[in-house]
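Colleague: sequence isn't available, so here's the structure alone:
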DNA sequence: TACCTGATGTCAGTTACTGACGTAAGGCTA
DNA sequence: TAGCCTTACGTCAGTAACTGACATCAGGTA
């Protein structure tokens, strides 16, 4: 082990979540988060662009995985099938840590600034998925519309899975939500 | 005329837009905006909750109008028809000042913080429209889905109208976008 | 005339965020 | 092994967003 014990980002993210839960996002200061992680405020900003970003570190990882799954999905799948397959395939990222994810969502739900950040992350995710669909040969505006629908499916499923009323796995809830949307949009 | 010349908010909004255009949102300070409007920084914050909000003052007005139009729409109209009618009915708010609205959108497009604010405004607009639809007797999750679709229709139409390639009135472009979405979702 | 209200100014303070510079461990190369 | 470079961090000073407390003053009201 070197001079600096590793896992700085893990410590920062854990400290931030704990403080945001106990004192609220606004009243917890970046200096306190850093101190709890055994670091300084300046170092916090070397790991995260701003105070909110510490809660969204995993979003790029999720986006990269989803894009890869869409691009590599079976070419015979329709656009919405490819998106749904990617969503269920990526569900494993959350599957094992539902408690942690739920705590994070509660913190976000309690603060408008964090909701803004989450919305723009989802917006960029939709744009990336649309790009992946175009890579499969799906033309606009269909690519964007299906990508937006995919994000909507994910949001609905994620909320139900977090809510706890639905005891099934996230992947199953996603499949279920996709079926609901299909039923609603294919009405004559 | 009293001690304080009226129209403080108009002056602040004009000054903010001018400064954001010429120097960018980030490098323009609130103190400068206030000074250009003949006021102080503290007074700026008595009119707007934060620096971004000065560009979104009209959003509550639009939301209130749209909700009213949805609630008061002909009871025989389907949910999507009621939403579309409300959107075309509210288009007049923008119709007369396309240049100003276009400038505002360019400023927003150039800054991620402003995009975040716009996304949460649209998200709240969708929630308000869903509430208006429920008031018409539309059950969930249909109310939310149609409201989200309505916002999507508006966004697409607004962008095209702002873009200038489409010379028709905003109301007509909205009707056109609604038709496109209907065609895409009713495919068998 | 005295009081009250509403919009503003003044001022001090906290906190998010940034740039510049210093420091120490570990690895690499001559 | 000595020198060097990179990497991760600390220190410090500074800007600007935002807030609370208090003062001011015109106009309306009792």
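Modeller: Okay, I see it. Keep in mind it's a predicted model, so treat the numbers as computed, not measured. Numbers count the residues shown, from 1 in each chain, chains lettered A, B, ... in the order given.

Colleague: could I get the contacting residues of residue A:39?
Modeller: Counting by C-beta atoms under 8 Å, 6 or more residues apart in numbering or on different chains, residue A:39 makes contact with A:8, A:11-12. C-beta here means a position set from N, CA and C on the backbone, and glycine is covered the same way.

Colleague: how does it look with 10 Å?
Modeller: Going by C-beta atoms under 10 Å, 6 or more residues apart in numbering or on different chains, residue A:39 touches A:4, A:8, A:11-12, A:15, A:33, A:46-47.

Colleague: look up phi and psi at it.
Modeller: Dihedral pair for residue A:39: phi -130, psi -180, per degrees, to the nearest 10.

Colleague: now swap in residue A:50 and tell me
Modeller: Dihedral pair for residue A:50: phi -160, psi 180, per degrees, to the nearest 10.

Colleague: re earlier: from the contacts of residue A:39, pick the one nearest chain B.
Modeller: Ranked by distance to chain B (C-beta to the nearest C-beta), the contacts of residue A:39 are led by residue A:47 at 19.0 Å.

Colleague: and the furthest pair within the contacts of residue A:39?
Modeller: Farthest-apart pair in the contacts of residue A:39 is A:4 and A:33; separation 17.4 Å (C-beta to C-beta).

Colleague: neighbour-wise, which of these two wins?
Modeller: A count of neighbours by other C-beta atoms under 10 Å in any protein chain shown puts residue A:33 above the other of residue A:4 and residue A:33, at 25 against 10.

Colleague: helix, strand or coil for residue A:33?
Modeller: Counting by DSSP: H, G, I helix; E, B strand; the rest coil, the backbone at residue A:33 sits in helix.

Colleague: so what's it up against?
Modeller: By C-beta under 10 Å, 6+ apart, the neighbours of residue A:33 are A:11-20, A:39, A:41, A:44, A:48, A:51, A:54.

Colleague: just the buried subset of those residues, please.
Modeller: By neighbour count, with 16 or more other C-beta atoms under 10 Å in any protein chain shown, the contacts of residue A:33 hold A:11-17, A:19-20, A:39, A:44, A:48, A:51, A:54 as buried.

Colleague: mind putting those into JSON lines with pLDDT, secondary structure and distance to residue A:129?
Modeller: Converted to JSON lines, the buried ones among the contacts of residue A:33 look like this (pLDDT from 0 to 100; DSSP: H, G, I helix; E, B strand; the rest coil; distance: C-beta to C-beta, whole Å):
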{"residue": "A:11", "pLDDT": "96", "secondary structure": "helix", "distance to residue A:129": "32"}
{"residue": "A:12", "pLDDT": "97", "secondary structure": "helix", "distance to residue A:129": "29"}
{"residue": "A:13", "pLDDT": "97", "secondary structure": "helix", "distance to residue A:129": "25"}
{"residue": "A:14", "pLDDT": "97", "secondary structure": "helix", "distance to residue A:129": "30"}
{"residue": "A:15", "pLDDT": "98", "secondary structure": "helix", "distance to residue A:129": "32"}
{"residue": "A:16", "pLDDT": "98", "secondary structure": "helix", "distance to residue A:129": "28"}
{"residue": "A:17", "pLDDT": "98", "secondary structure": "helix", "distance to residue A:129": "27"}
{"residue": "A:19", "pLDDT": "98", "secondary structure": "helix", "distance to residue A:129": "33"}
{"residue": "A:20", "pLDDT": "98", "secondary structure": "helix", "distance to residue A:129": "29"}
{"residue": "A:39", "pLDDT": "96", "secondary structure": "coil", "distance to residue A:129": "35"}
{"residue": "A:44", "pLDDT": "98", "secondary structure": "helix", "distance to residue A:129": "31"}
{"residue": "A:48", "pLDDT": "98", "secondary structure": "coil", "distance to residue A:129": "25"}
{"residue": "A:51", "pLDDT": "98", "secondary structure": "coil", "distance to residue A:129": "28"}
{"residue": "A:54", "pLDDT": "98", "secondary structure": "helix", "distance to residue A:129": "25"}
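
Colleague: not counting sequence-adjacent ones, nearest residue to the spatially most central residue of chain A?
Modeller: Taking C-alpha atoms, centre = their mean, the centroid of chain A lies closest to residue A:59, which sits 4.9 Å from it. Excluding its sequence neighbours, the residue lying closest to residue A:59 (C-beta to C-beta, 6 or more residues apart in numbering or on different chains) is residue A:121, at 4.8 Å.
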